[in-house]
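A.B. asks: this is the structure alone, sequence omitted:
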């Protein structure tokens with residue numbers, strides 16, 4: 001079960017990382033910095049926040065508090081990124097830190113207690129906390145991308161009006177385990 005858990009969460013995180021990347025592919029560079037209003041975040045700002053959170057939570061994951069002294073969370077929302085490459089670099093660095101840590105975990109680590117802001121969590125609880133947090137923000141990225149692209153948006157799930165056809169195709173196949181691949185995301 002625990003090995004399955006680690007494999008499963010890696011696939012889930014990879015799925016949400018891919019959704020973000022498929023959004024970046026559709027949004028022009030200047031639109032990554034668009035904000036609906038002054039109180040909303042741009043895609044770049046959300047990426048900046050995710051980057052800061054990921055580095056803080058996953059660096060020395062088992063041995064130090066997940067809220068690092070060097071993190072300045074408030075500054076993550078004062079976006080200082082100016083190019084798409086900077087956005088992608090922060091995105092990739094955050095995810096690399098997460099996956100490097102997940103790859104280092106063993107089943108023996110899963111019940112270890114770690115801390116986030118001095119609040120104790122088992123490793124499983126801490127992972128689940130981030131598995132709720134990151135998709136929340138990736139959903140925001142996708143939503144903003146969809147607003148920006150409008151009718152030029154290519155759906156990352158089942159396009160409107162195509163549910164019946166997809167279900168017919170899926171139910172015509174024998175039961176099997178689905179994997180999170182580009183093909184999966186196209187459905």
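C.D. replies: That came through fine. It should be emphasised that the depicted structure is a prediction, and the values quoted were computed from it without experimental measurement.
A.B. asks: got the buried residues for the lengthiest helix in the chain?
C.D. replies: In the chain, assigned by DSSP state H, the helix with the most residues is helix 123-149. Neighbour-count burial for helix 123-149 flags 123-124, 126-127, 130, 134-135, 137-138, 140-142, 144-146, 148 (criterion: 16 or more other Cβ atoms under 10 Å). Any C-beta I mention is one placed from the backbone N, CA and C, and that applies to glycine too.
A.B. asks: quick one: mean pLDDT for that helix?
C.D. replies: Taken as a whole, helix 123-149 has an average pLDDT of 98.
A.B. asks: the helices in the protein, which residues?
C.D. replies: All helices of the chain, identified by DSSP H, fall at 2-24, 43-58, 84-104, 123-149, 163-171, 182-185.
A.B. asks: how about these in JSON lines, adding distance to residue 76?
C.D. replies: Listed next are the helices of the chain as JSON lines, based on distance: least, Cβ to Cβ, whole Å:
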{"stretch": "helix 2-24", "distance to residue 76": "16"}
{"stretch": "helix 43-58", "distance to residue 76": "4"}
{"stretch": "helix 84-104", "distance to residue 76": "10"}
{"stretch": "helix 123-149", "distance to residue 76": "11"}
{"stretch": "helix 163-171", "distance to residue 76": "37"}
{"stretch": "helix 182-185", "distance to residue 76": "27"}
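A.B. asks: buried deepest among those helices, which one?
C.D. replies: Each of those was scored by mean neighbour count; the highest is helix 43-58, a mean of 23, by mean count of other Cβ atoms under 10 Å.
A.B. asks: quick one: that one to chain centroid distance?
C.D. replies: For helix 43-58, the gap between its own C-alpha mean and the chain's C-alpha mean amounts to 10 Å (Cα atoms, centre = their mean, to the nearest Å).
A.B. asks: which one of the helices of the chain lies closest to residue 31?
C.D. replies: Within the helices of the chain, the stretch nearest residue 31 is helix 123-149; the backing value is 4.8 Å (Cβ to Cβ).
A.B. asks: doesn't residue 74 make contact with residue 49?
C.D. replies: No. Counting by Cβ atoms under 8 Å, residue 49 sits too far from residue 74 to count as a contact (10.1 Å).
A.B. asks: pLDDT weak spots in the protein?
C.D. replies: Where the chain drops to pLDDT under 70, the residues are 1-3, 178-187.
A.B. asks: what about 50?
C.D. replies: By pLDDT under 50, the low-scoring segments of the chain are 186-187.
A.B. asks: about what we covered before: mind checking which of the helices of the chain is nearest residue 78?
C.D. replies: For the helices of the chain, proximity to residue 78 was assessed by Cβ to Cβ; helix 43-58 is nearest, at 8.3 Å.
A.B. asks: packing partners of that closest one?
C.D. replies: Using 3 or more Cβ pairs under 8 Å, 6 or more residues apart in numbering; DSSP states H and E, the elements in contact with helix 43-58 are helix 2-24, helix 84-104, helix 123-149.
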